[in-house]
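Q: Any chance you could fold what I've pasted below:
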Amino acid sequence: MQVSSVLNIGRGVSALIGGGGKTTLLYALAEELRKKGRVILCTSTHILVPEQYPLVTGGAEAIRAALAAHGAVCAGTPVENGKLTAPAPSFEELAALADYVLVEADGAKRLPLKAHAPHEPVVPANAQRVVLLVGADGFGKPISAVCHRPELYAQRAGASVSDAVTPALAARVILAENLGDRVYINKVESDEAYERAKALAGLLDRPVVLGSLHKGVYTNG
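A: Next comes the predicted model:
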């Protein structure tokens with residue numbers, strides 16, 4: 001089963017938020033979807049420049065030409081530290097150029113879990129799918145060690161930053177923030193991780209997918 005299918009990624013703009021492997025999911029989706037149509041990878045905040053896709057830093061015509069030549073491209077505006085920010089064209093313009101526009105819409109400093117500050121995530125208004133990622137490798141570890149914005153995460157979970165993350169705590173944060181119309185729990189790579197992921201899925205109010213981008217295995221929660 002393909003991750004794009006189980007997450008029901010349709011044509012248009014899709015945004016990825018949360019922690020636990022957004023960039024890896026971005027690339028996995030791009031590789032699957034480029035077999036069906038033209039794909040633009042980009043960000044509404046900041047990402048590292050992907051080496052495996054041609055980078056387009058110009059406007060709509062430059063992106064159109066690159067898509068015709070390559071099928072999948074990364075569009076963005078270079079900023080400091082070798083990163084990219086949002087491309088020059090609007091997300092509405094990007095959606096007219098490509099069949100699929102994949103947007104990394106916040107950052108988590110490579111941590112499996114995060115709480116969102118008031119200015120996050122930066123989801124395009126025309127996004128037809130918003131996937132919230134959760135890293136199963138954060139379960140059982142202190143909030144302070146595995147969560148981006150740990151104090152905020154603890155506050156929303158009704159816990160201390162020294163408390164270990166449980167499915168119940170993670171569910172409180174997700175329900176309090178009410179972000180995303182799909183939840184993807186990544187790094188479900190052991191029986192223990194599977195049981196915890198299933199427990200979290202049972203506490204949520206929206207479709208959940210469990211899986212491992214590393215192993216390429218996915219299932220509905």
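Q: show me where the protein has strands.
A: Here the chain has its strands, by DSSP state E, at 12-18, 39-43, 47-48, 55-56, 72-75, 77-78, 83-85, 100-104, 113-114, 127-135, 147-148, 182-186, 208-212, 217-220.
Q: Tabulate these (a markdown table), appending mean neighbour count.
A: Using the backbone N, CA and C atoms, a C-beta is placed for each residue, glycine as well. As requested, the strands of the chain are arranged in a markdown table below (neighbours: other CB atoms under 10 Å):
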| stretch | mean neighbour count |
| --- | --- |
| strand 12-18 | 26 |
| strand 39-43 | 27 |
| strand 47-48 | 16 |
| strand 55-56 | 19 |
| strand 72-75 | 27 |
| strand 77-78 | 12 |
| strand 83-85 | 18 |
| strand 100-104 | 26 |
| strand 113-114 | 30 |
| strand 127-135 | 23 |
| strand 147-148 | 25 |
| strand 182-186 | 26 |
| strand 208-212 | 23 |
| strand 217-220 | 15 |
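Q: Now render those strands as TSV, adding distance to residue 5 and mean pLDDT.
A: Output for the strands of the chain, formatted as TSV (distance: least, CB to CB, whole Å; pLDDT from 0 to 100):
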stretch	distance to residue 5	mean pLDDT
strand 12-18	13	98
strand 39-43	15	98
strand 47-48	24	94
strand 55-56	28	98
strand 72-75	18	98
strand 77-78	32	96
strand 83-85	28	96
strand 100-104	13	98
strand 113-114	26	98
strand 127-135	12	98
strand 147-148	29	98
strand 182-186	12	98
strand 208-212	10	97
strand 217-220	9	94
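Q: Reformat the ones you listed as CSV; add distance to residue 25.
A: Listed next are these as CSV, based on distance: least, CB to CB, whole Å:
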stretch, distance to residue 25
strand 12-18, 6
strand 39-43, 11
strand 47-48, 12
strand 55-56, 20
strand 72-75, 15
strand 77-78, 22
strand 83-85, 17
strand 100-104, 9
strand 113-114, 15
strand 127-135, 7
strand 147-148, 17
strand 182-186, 7
strand 208-212, 10
strand 217-220, 11
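Q: Fine by me, thanks again.
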